[in-house]
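Novice: fold the following and give me the result.
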Amino acid sequence: MKIAVITNSRIPSLTANSIQAMKVCDALAQLGHDLRVFAPAETQPI
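Specialist: Residues are numbered from 1 along each chain as shown. Model (predicted):
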């Protein structure tokens, strides 16, 4: 399945919400899903 993940968390980051978003993405990828993550760039305001 193709999945678009949209988050307002900066990736990579050490904040809990960005870590959780990446753990979910990792788990879905391990199940064989095709993921595209859309997150703000480090220089863009949230």
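Novice: which residues in this structure form helices?
Specialist: For the chain, helices defined by DSSP state H occupy the ranges 16-30.
Novice: skipping adjacent residues, who's closest to Lys2 in space?
Specialist: Distances taken as C-beta to C-beta, 6 or more residues apart in numbering place Asp34 nearest to Lys2, at 4.8 Å, with adjacent residues excluded. Just so you know, the C-beta spots here come from the backbone N, C-alpha and C atoms, and that holds for glycine as well.
Novice: for this structure, which spans come out with low pLDDT?
Specialist: In the predicted model, the chain carries pLDDT under 70 at residues 43-46.
Novice: circling back: quickly note the distance from the residue nearest to Lys2 to Ala16.
Specialist: Distance, Asp34 to Ala16, using C-beta to C-beta, to the nearest Å: 26 Å.
Novice: same question, Lys23
Specialist: Going from Lys23 to Ala16 by C-beta to C-beta gives 10 Å.
Novice: and what of Val5?
Specialist: Distance, Val5 to Ala16, by C-beta to C-beta: 16 Å.
Novice: now do Ala39
Specialist: 15 Å.
Novice: comparing the two, which residue is more hemmed in?
Specialist: For the pair Ala39 and Ala16, the greater number of neighbours falls to Ala39 (19 against 9), based on other C-beta atoms under 10 Å.
Novice: need phi/psi at the closest residue to that one other than its chain neighbours.
Specialist: Using C-beta to C-beta, 6+ apart and skipping residues adjacent in sequence, the residue nearest Ala39 is Ile11, 4.5 Å away. Dihedral pair for Ile11: phi -120, psi 130, per degrees, to the nearest 10.
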